[in-house]
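> fold the following.
(one chain, ligands or ions: 1)
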Amino acid sequence: MNSNEFREFGKAMVDYIADYIDNVRDRNVIPSVSPGYLEKEMPQEAPVDGERWEDVLKDIDKLIMPGVTHWQSPKFHAYFPTSNSFPGVVGEMLCAGIGCLGFSWMTSPACTELEVIAMNWLGKLLGLPEEFLNCSEGPGGGVIQGTASEATLVGLLAAKERVVRLFTKTYPSLTEGDIKSKLVAYTSDQANSSVEKAGILASVPMVHLPSDSNGSLRGDVLREAIEKDKGAGLIPCYVVATLGTTGTCAFDNLEELGVVCNDENVWLHVDAAYAGAAFVCPEYRYLMKGIELSDSFNFNPHKWMLVNFDCSAMWVKDARYLVEAFNVDRIYLQHQHEGSAPDYRHWQIPLGRRFRALKLWFVLRIYGAEGIRRHIRHQIQLAKHFEDLVNMDPRFEVNTSSMGLVCFRLQGDNELTQQLLDKINAAKRIYVIPCYIREKFVIRFAICSRITTTEDINFSWAEIVSHVSPHLTN
Ligand SMILES: Cc1ncc(COP(=O)(O)O)c(C=O)c1O
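Model prediction:
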């Protein structure tokens, strides 16, 4: 493909994407295909001779779209939002076009420097303490990871290394193996599955502590667990607090957990994957009270802040712990400016890294702080509207409502709500998923699409109500 053909293909694709977003609400949000559907439609081998791009584009509608779940549809209410905005899409395009890898400053200075600047802008926008920012005097700084899962693992690996270094110095008779075999980490029973996975990957047992009736992990529960484990000869090294749990968007008590972690010299990582975006609005910052006590903080602009996947913003108070844990050098990686700017390969798991700061920068500039705040506030208002609709129908109950996520159920046995959920998703017009709040089976209703309107919420509610068994009178 030469550059003229690329111009045509690229422009046609921009039109295709714009049309897709404009009309996405008219599609069934859940596809009607069975496993293996695509294999039946595809040749067994890749083509020997290149094909025309026009033919490939035609096959998007014919082969791909029938198997797509439409995460950008205003009728998608499952999981959490996965951001999509036109500035974000164009940022992705430029990232692919430039095609650089920024694993050291030297391999593409703009890639590192824009990331440093965008992460400072973003950190200030969220009201993070100064010490987390690259622009502060100290050793703190921000980095873009691929996902919140990676950030949790990176934090754990750094915490593990910190403890091993500390203990080998303090207790020279202990081997590295002795220390590592005693490490233990903690999180709440509401933490995302990725936290448990980080424990598996880092070979550190991740203890799930009970949350309170609001789904919040409290300091006294953590303190008791740490004391008990220390008494048994274990070494507590890492705590993951969640701000905005996946089930109900509950908030751990960061202030209480922070005091315990600081007393015990345990690394506190904050997973605010979804709800962290709301801290751009000053009125929600009370939910991150105690943030100054944490060692690392992470949220996903790719969830609720209009930056296309993948873009997970992580800040650490002392980046030297990451560099010490992950620094592996080779002659071909060295350059003459080492030490004057971050070499981000030391802050992450892979070597290669994309120019993800471009899409973040585009979104920050083109929406501006006020545009992002308007988006967050609008989505929270839409959730409030949904909550009001549920509350007006006596057959239902609202179980929790927090930051754009409403959990609700039919009054009565769990079975009724389970059946309702099955019917809603079988109809494929809207998509919702369940969770348990204690022993109650509830449906999660998240506002996911950037283009959601009040009419879309009314449509989704009417769709839900249409599946309620007629014998449940209202
Ligand atoms: C609280 C929380 N943490 C972590 C994750 C995982 O995010 P990622 O896919 O970026 O790893 C999620 C996903 O929804 C989440 O809700």
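> kindly report the residues of the stretch 201-350 of the chain close to the ligand.
Residues of the stretch 201-350 of the chain found near the ligand (C-beta under 6 Å from any ligand atom) are T242, G244, T245, T246, D271, A273, Y274, N300, S312. Glycine gets a C-beta too; all of them are placed from N, C-alpha and C.
> need the residues you listed in CSV with secondary structure, pLDDT and neighbour count, can you?
Formatted as CSV, those follow (DSSP: H, G, I helix; E, B strand; the rest coil; pLDDT from 0 to 100; neighbours: other C-beta atoms under 10 Å):
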residue, secondary structure, pLDDT, neighbour count
T242, strand, 98, 29
G244, coil, 97, 27
T245, coil, 97, 27
T246, coil, 96, 21
D271, strand, 98, 31
A273, coil, 98, 27
Y274, coil, 98, 27
N300, coil, 98, 30
S312, strand, 98, 25
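> for those, work out which two are farthest apart.
Spatial extent of these (C-beta to C-beta) is set by the pair T245 and S312 at 17.1 Å.
> how far away is the residue located most distally from the centre of the chain from I179?
Residue farthest from the centre of the chain, counting by C-alpha atoms, centre = their mean, is S173 at 41.3 Å. Using C-beta to C-beta, to the nearest Å, S173 is found at 11 Å from I179.
> now S466
With distances taken as C-beta to C-beta, S466 is found 59 Å from I179.
> what of L268?
Counting by C-beta to C-beta, the gap from L268 to I179 is 20 Å.
> so between those two, which is more surrounded?
L268 (28 against 19; other C-beta atoms under 10 Å).
> elements contacting the strand or helix carrying that one?
Here L268 sits within strand 267-271, counting by DSSP states H and E. For strand 267-271, the packing partners by 3 or more C-beta pairs under 8 Å, 6 or more residues apart in numbering; DSSP states H and E come out as helix 148-170, strand 235-242, helix 254-264, strand 296-299.
> tell me the SS of H385?
helix (DSSP: H, G, I helix; E, B strand; the rest coil).
> the closest residue to it other than its chain neighbours: neighbouring residues, count only.
Spatially, and ignoring its direct neighbours in sequence, H385 is nearest to I457 (5.5 Å; C-beta to C-beta, 6 or more residues apart in numbering). I457 sits with 23 neighbouring residues when counted by other C-beta under 10 Å.
> pretty sure I457 sits against K384.
No: in this structure I457 lies outside contact range of K384 using C-beta atoms under 8 Å: 9.9 Å.
> number of nearby residues for V89?
V89 has 16 neighbours, counted by other C-beta under 10 Å.
> what about it, distance to the ligand?
In this view, V89 and the ligand are 19 Å apart by C-beta to the nearest ligand atom, to the nearest Å.
> buried stuff in the strand or helix carrying that residue?
Assigned by DSSP H and E, V89 falls within helix 86-98. Buried positions in helix 86-98, judged by neighbour count with 16 or more other C-beta atoms under 10 Å: F86, P87, G88, V89, V90, G91, E92, M93, C95.
> which member of those residues is positioned nearest the ligand?
Distance to the ligand across the buried residues of helix 86-98 (C-beta to the nearest ligand atom) is lowest for G88, with 15.3 Å.
> any idea how far R354 is from S469?
Per C-beta to C-beta, R354 is found 50 Å from S469.
> between the two, which has more neighbouring residues?
More crowded of R354 and S469, by other C-beta under 10 Å: R354, with 20 against 12.
> so who does the closest residue to the more buried one other than its chain neighbours touch?
Take R354 and drop its neighbours on the chain: the residue closest to it by C-beta to C-beta, 6+ apart is C95, 5.6 Å away. With contact set as C-beta atoms under 8 Å, 6 or more residues apart in numbering, C95 has these partners: R354, F355, R356, L358, K359.
> can you rerun that using 10 Å?
Counting by C-beta atoms under 10 Å, 6 or more residues apart in numbering, C95 touches C111, N308, R354, F355, R356, A357, L358, K359.
> next: A250.
Residues near A250 by C-beta under 10 Å, 6+ apart: 188, 190, 211-212, 214-217, 242-244, 275, 400, 402-403, 405, 437.
> of those residues, grab the buried ones for PyMOL.
Only the buried entries of the contacts of A250 go into this PyMOL selection, using 16+ other C-beta under 10 Å:
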select buried, resi 188+190+211+215+216+217+242+243+244+275+400+402+403+405+437
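> restricted to strands, list the contacts of A250.
Mapping those onto strands (DSSP state E) picks out S188, T242, T400, S402, L405, I437.
> and which of these is nearest the ligand?
Nearest to the ligand out of the ones in strands among the contacts of A250 is T242 (C-beta to the nearest ligand atom; 5.2 Å).
> quick check: the closest one touching D252?
Yes: proximity of T242 to D252 meets the contact threshold set by C-beta atoms under 10 Å, at 5.4 Å.
> need the overlap of contacts for the two.
Here T242 and D252 have T187, S188, Q190, A191, S211, G215, S216, L217, V270, D271 as joint contacts, going by C-beta under 10 Å, 6+ apart.
> can I get these in TSV with distance to R320?
Shown next, in TSV, are the shared contacts of T242 and D252 (distance: C-beta to C-beta, whole Å):
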residue	distance to R320
T187	25
S188	29
Q190	32
A191	27
S211	33
G215	35
S216	32
L217	28
V270	19
D271	22
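> from the ligand, how far off is the closest residue to R438 other than its chain neighbours?
Leaving aside its chain neighbours, R438 sits nearest to S213 (7.9 Å; criterion: C-beta to C-beta, 6+ apart). Distance, S213 to the ligand, using C-beta to the nearest ligand atom: 19 Å.
> quick check on S213: phi, psi?
Backbone torsions of S213, given as degrees, to the nearest 10, read phi -70, psi -10.
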